[in-house]
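# Compute the structure for the input listed below.
(2 chains)
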Amino acid sequence: MLKIWSMKQQQQAASAASGKKKVTAAQLRVQKDLGELSLPSTMKTHFPDPDDILNFTLTIEPDEGMYKGGAFNFDFTINQNFPHEPPKVLCKQKIYHPNIDLEGKVCLNILREDWKPVLNLNAVIVGLQYLFLEPNASDPLNKEAAEDLKTNRDNFKRNVRSSMSGGYVKNISYDKVTK
Amino acid sequence: MKVKIKEWHAVATWRWDMPEDEVCGICRVDFDGCCPNCKYPGDDCPLIVGKCHHSFHLHCILSWINQESAKGLCPMCRQKFEVAA
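Numbering: from 1, shown residues only, chains lettered A, B, ... in the order given. Purely as a prediction, here's the structure:
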């Protein structure tokens, strides 16, 4: 028993000496979430700094729906208060979508008011994917896009296509997101 | 044959009265482990059961309940989180 104690102390001294940074609660939780992630072929993660799992990008390439053929990039920024605070998610392109504004802010209930710490990154990612399959006009960030979706779905679809290829919709130019 | 016991060491193990393999929904660590901010499981890092029957590490649920956005609700079922008697 005493031997175990002294071994433990040696171990702690060794890890302190090597200057290893303590793994934070947020990192531990993110590690678990990433381990459980089962991404379909339409989504990919990318870690610009492999040692920093709290900052990464997600690319969604919908294979059905109105946004099919596009590649949409999202920045995930997770702070040390995760999972008590949701990850911050920002769309890196300027796109025409009722629930994403021109600065890339995303309107998804679980990213704000409905976040709870028992949710995981998978829930957020599934939620994002869903936004491209079923854009939602009732809770808009881009009000014009939402209005188009509500009043004339075919017209909205046309706007989505032209915005995705880098065109203008109502005098606003959008980023080209098609491959 | 007579045996004379000269010395003996008692050894005991313990675990929380929880189904095996269950994890805290907040930190996803086993209930038999401790919350990520503690070093060793035991009385210093206890579990707590709510009236809604959802359990967490005490430290995990406290840091949730203490923040305003939690509105005092259980993160599992969104009922008011009250400690079961």
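
# and the gap between A:Glu64 and chain B?
Between A:Glu64 and chain B the computed distance is 32 Å (C-beta to the nearest C-beta, to the nearest Å). Every residue, glycine included, has its C-beta placed from N, CA and C.

# do the same with A:Lys157
In this view, A:Lys157 and chain B are 36 Å apart by C-beta to the nearest C-beta.

# Make sure I have this right: that residue is in a helix.
Yes - the assignment for A:Lys157, made by DSSP: H, G, I helix; E, B strand; the rest coil, places it in a helix.

# Quick check, the residue in chain B closest to chain A?
Of all residues in chain B, B:Pro36 sits closest to chain A, at 3.5 Å by C-beta to the nearest C-beta.

# Okay, and that residue sits in which element?
B:Pro36 belongs to no helix or strand when assigned by DSSP states H and E.

# Cross-check the contact I'm expecting between it and A:Leu28.
Yes - assessed by C-beta atoms under 8 Å, B:Pro36 is found in contact with A:Leu28 at 5.0 Å.

# follow-up on the earlier one: quick check: closest non-adjacent residue to the residue of chain B closest to chain A.
Setting aside the residues directly before and after it, B:Pro36 is nearest to A:Ala25 in space (C-beta to C-beta, 6 or more residues apart in numbering or on different chains), at 3.5 Å.

# Likewise for A:Leu108?
Using C-beta to C-beta, 6+ apart and skipping residues adjacent in sequence, the residue nearest A:Leu108 is A:Gly127, 5.0 Å away.

# With A:Ser38 instead?
Leaving aside its sequence neighbours, A:Ser38 sits nearest to A:Asn122 (C-beta to C-beta, 6+ apart; 7.6 Å).

# One more: A:Lys176?
Excluding its sequence neighbours, the residue lying closest to A:Lys176 (C-beta to C-beta, 6+ apart) is A:Gly166, at 3.2 Å.

# ok now do that neighbour, which residues does it touch?
Shown in contact with A:Gly166 (C-beta atoms under 8 Å, 6 or more residues apart in numbering or on different chains): A:173-178.

# Show me where the chain has its strands.
Picking chain A for this. A:43-46, A:55-60, A:72-77, A:88-91, A:168-169, A:172-173 (DSSP state E).

# hmm, I had chain B in mind actually
B:47-49, B:55-57.

# name the helices or strands packed onto the last one?
Translated: strand B:55-57. In terms of contacts (3 or more C-beta pairs under 8 Å, 6 or more residues apart in numbering or on different chains; DSSP states H and E), strand B:55-57 is packed against strand B:47-49.

# same question for the strand it packs on, mean pLDDT?
Computed over strand B:47-49, the mean pLDDT rounds to 95.

# partner strands of that strand, parallel or antiparallel?
Strand B:47-49 pairs in its sheet with strand B:55-57 (antiparallel), by DSSP bridges.

# Neighbour count for B:Pro36 and A:Leu28, which is higher?
With neighbours defined as other C-beta atoms under 10 Å in any protein chain shown, B:Pro36 and A:Leu28 compare such that B:Pro36 has more, 21 against 15.
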